[in-house]
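Participant: Would you be able to build a 3D model of this:
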Amino acid sequence: MGIRINIGSQNLAPGAPSPTSMAPCWLILGSFTDKAGHHCRMHVCRRRLSRAGGGLSPQSRDKLVADLAAIVGSRGVLSDPDDTAPYRTDWKGIYKSEHDNAVVLPKSSEQVAEVVRYCHLTRVSVVPQGGNTGLVGGSVPQAANELVLSLRRMNQVLEVDEDSGIVSCEAGCILETLDNHINQMGLCMPLDLGAKGSCQIGGNISTNAGGIRLLRYGSLRENTLGLEVVQADGSRLPLMNTVRKDNTGTSVKQLFIGTEGTLGIITQAAILCPPVLPSKTICILAVPDFPALLTCLRAAKRSLAGVLSAFEMMDRESLRLVQSQLGIHPPFPLDTELYALIETAGSGEEQGQTQEFLEQLFSKGVVSDGVVASDMEQGRKIWALRESVTEAVKKAGVNYKYDISLPMSHFYKLAQNTRRDWSGRVAHVTAYGHVGDGNLHLNMVDREMDRDKYHQLSTYIYEYVASCGGSISAEHGIGREKQQYLPLIHPPAYLARMRAIKTLFDPHNTLNPGKYYGL
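Facilitator: The predicted structure is shown next:
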């Protein structure tokens with residue numbers, strides 16, 4: 001029993017040759033077993049199609065859904081607009097697809113490969129999606145001929161090597177679930193994010209997410225030892241090397257880290273995970289200004305070397321929104337401009353080091369107030385202040401969000417300049433972030449979306465960032481939001497190389513189109 005998928009002329013992109021001018025060539029796409037137990041082969045009639053980009057007629061869409069269901073099963077395809085709506089809208093609610101894009105949910109790398117190969121042959125574009133927690137519109141479709149490929153059903157932990165600390169897993173594993181799982185074996189993920197309850201490890205790697213543990217454990221790029229990737233033509237690229245030292249030529253896996261699924265779709269990963277440390281000390285400090293905060297940071301790096309895990313900053317406006325929007329209250333009055341959250345971890349020795357460090361800060365008048373968590377529950381409450389800022393800002397109104405890296409001398413100056421120059425034009429300006437690694441989250445809250453204002457504000461922010469040698473994306477990626485600003489920080493030759501690499505890996509531009517500079 002065979003199933004033939006015949007590609008009609010309605011599937012062709014505008015300008016492609018008509019079917020009558022081309023001889024069909026039947027290719028085996030894959031095989032599967034139907035409900036009756038019959039072994040079936042799926043064939044696709046391959047034709048020379050032009051670059052992806054056209055729309056799908058209702059008939060073509062119905063056929064697409066049926067063909068995908070033959071690969072992943074009927075439960076693995078969503079086509080009802082109510083069911084697909086969450087997949088077609090980004091977390092901020094700014095980027096939405098107005099088309100009835102279907103969603104496919106494969107359960108294995110093999111199914112991902114079959115789906116991508118089918119889309120490659122039919123020139124249907126594929127938008128990979130993890131937890132859809134991104135903030136730059138990089139994981140939602142924008143054209144009618146785009147298919148969302150969600151990895152959420154691929155959530156298996158494949159292996160945990162307790163001796164080496166290497167965890168191998170599928171890309172759809174939720175970060176917090178994965179962390180909890182390996183905690184039982186004495187390990188922890190080298191990454192921690194506010195969105196950990198819904199973000200997926202494949203999406204984290206695809207955007208090279210940073211988070212609050214980067215100061216201690218380094219970037220996800222550094223800790224990702226191996227990957228399995230499905231390429232644009234549906235072939236699987238096995239890069240699941242789990243050795244820490246491998247100097248055998250070009251590190252191809254690095255091309256798929258931080259490129260947002262535009263070069264290939266990550267289906268599996270091998271990650272180096274540190275041991276869980278048995279003791280933590282968490283504190284929050286009230287700091288009068290940014291020079292004092294830098295004094296705290298320098299002192300922490302000297303006095304707490306080896307035990308410092310996180311050094312986070314929040315300004316007063318951020319905590320006021322957390323208090324007013326979410327009812328989460330700081331442990332002291334908000335009388336100063338800035339607040340530092342510091343975490344140390346070790347085997348118990350860090351408690352004395354942290355106490356001595358704090359005594360020095362108070363004796364020198366660097367900080368005016370502070371609270372040290374007496375137990376882990378109080379520690380969680382202190383962390384909730386920092387991790388709830390994003391939610392509070394979102395609840396307060398429309399968000400204009402900026403994830404930027406800056407030299408330390410400019411880190412808070414940009415926030416001050418923005419308040420000065422944009423006061424009255426936006427409702428709130430908040431600044432918080434990972435000051436320990438130079439990553440500032442600068443957010444503006446407005447009463448309603450004004451895209452002209454958003455563009456003016458973005459130009460204002462990114463021109464400043466470029467002028468001082470910073471980056472317009474520290475950990476969120478480029479997506480749809482930041483492409484037009486890339487020439488501010490990269491010369492033409494750099495951007496040309498980016499386009500050349502994209503063309504090499506995805507010549508028909510079917511992987512996450514519109515999310516890569518110029519393509």
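
Participant: Tell me the secondary structure at residue 324.
Facilitator: Judged by DSSP: H, G, I helix; E, B strand; the rest coil, the three-state class of residue 324 is helix.

Participant: any idea how far it is from residue 251?
Facilitator: 47 Å (Cβ to Cβ, to the nearest Å). Yep, even glycine has a C-beta here, placed from its N, CA and C like the rest.

Participant: Same check on residue 499?
Facilitator: Applying Cβ to Cβ to residue 499 and residue 251 gives a distance of 21 Å.

Participant: Residue 263 too?
Facilitator: In terms of Cβ to Cβ, residue 263 sits 14 Å off from residue 251.

Participant: quick one, which of the two is more surrounded?
Facilitator: It is residue 263, of residue 263 and residue 251, that has more neighbours when counted by other Cβ atoms under 10 Å, with 22 against 12.

Participant: That one contacts residue 254, correct?
Facilitator: No. The criterion here is Cβ atoms under 8 Å, and residue 263 misses it with residue 254 at 10.7 Å.

Participant: Which single helix of this protein contains the most residues?
Facilitator: helix 451-467 (DSSP state H).

Participant: Give me the below-cutoff pLDDT ranges for the stretch 401-519 of the chain.
Facilitator: The stretch 401-519 of the chain contains residues with pLDDT under 70 at 518.

Participant: again, only this time at 90
Facilitator: 423, 516-519 (pLDDT under 90).

Participant: which residues in it form helices?
Facilitator: 413-422, 451-467, 492-505 (DSSP state H, counting those that start in this stretch).

Participant: what pLDDT does residue 194 get?
Facilitator: We have a pLDDT of 86 for residue 194.

Participant: list the contacts for it?
Facilitator: By Cβ atoms under 8 Å, 6 or more residues apart in numbering, the residues touching residue 194 are 386-391.

Participant: From these, keep the buried residues only.
Facilitator: Buried by 16 or more other Cβ atoms under 10 Å: 386-391, out of those.

Participant: Quick one: those residues as a markdown table, columns for pLDDT, secondary structure and distance to residue 494 too.
Facilitator: Formatted as a markdown table, the buried ones among the contacts of residue 194 follow (pLDDT from 0 to 100; DSSP: H, G, I helix; E, B strand; the rest coil; distance: Cβ to Cβ, whole Å):
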| residue | pLDDT | secondary structure | distance to residue 494 |
| --- | --- | --- | --- |
| 386 | 96 | helix | 34 |
| 387 | 94 | helix | 35 |
| 388 | 95 | coil | 37 |
| 389 | 96 | helix | 33 |
| 390 | 93 | helix | 31 |
| 391 | 94 | helix | 36 |
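
Participant: one step back: ok, the contacts of residue 194 vs residue 291, which is closest?
Facilitator: Within those, the smallest distance to residue 291 is 21.4 Å, found for residue 386 (Cβ to Cβ).

Participant: and stretch 447-460, how far from the chain's centre?
Facilitator: Put simply, stretch 447-460 sits 23 Å off its chain's centre (Cα atoms, centre = their mean, to the nearest Å).

Participant: Stretch 384-395 now?
Facilitator: For stretch 384-395, the distance to the chain centre is 18 Å (Cα atoms, centre = their mean).

Participant: Lowest average confidence across helices and strands of this protein, where is it?
Facilitator: strand 2-5 (a mean of 36; mean pLDDT, DSSP states H and E).

Participant: so where's the chain shaky on pLDDT?
Facilitator: Using pLDDT under 90, the chain drops low at 1-60, 91-94, 194, 241, 349, 423, 516-519.

Participant: Could you check how many residues crowd around residue 492?
Facilitator: Residue 492: 8 surrounding residues under other Cβ under 10 Å.

Participant: Going along the chain, name the strands of the stretch 151-300 of the chain.
Facilitator: Secondary structure of the stretch 151-300 of the chain, counting by DSSP state E, counting those that start in this stretch: strands at 157-161, 166-170, 224-230, 236-239, 265-272, 279-287.

Participant: okay, the angle between the longest helix of the chain and helix 413-422?
Facilitator: Taking axes from the mean of the first three to the mean of the last three Cα atoms, to 10 degrees, one finds that helix 451-467 is oriented at 140 degrees with respect to helix 413-422.

Participant: rewinding a little: go through the buried ones among the contacts of residue 194 and name the one nearest residue 297.
Facilitator: residue 386 (15.6 Å).

Participant: ok, the closest one touching residue 343?
Facilitator: No. Assessed by Cβ under 8 Å, residue 386 is found out of contact with residue 343, at 10.0 Å.
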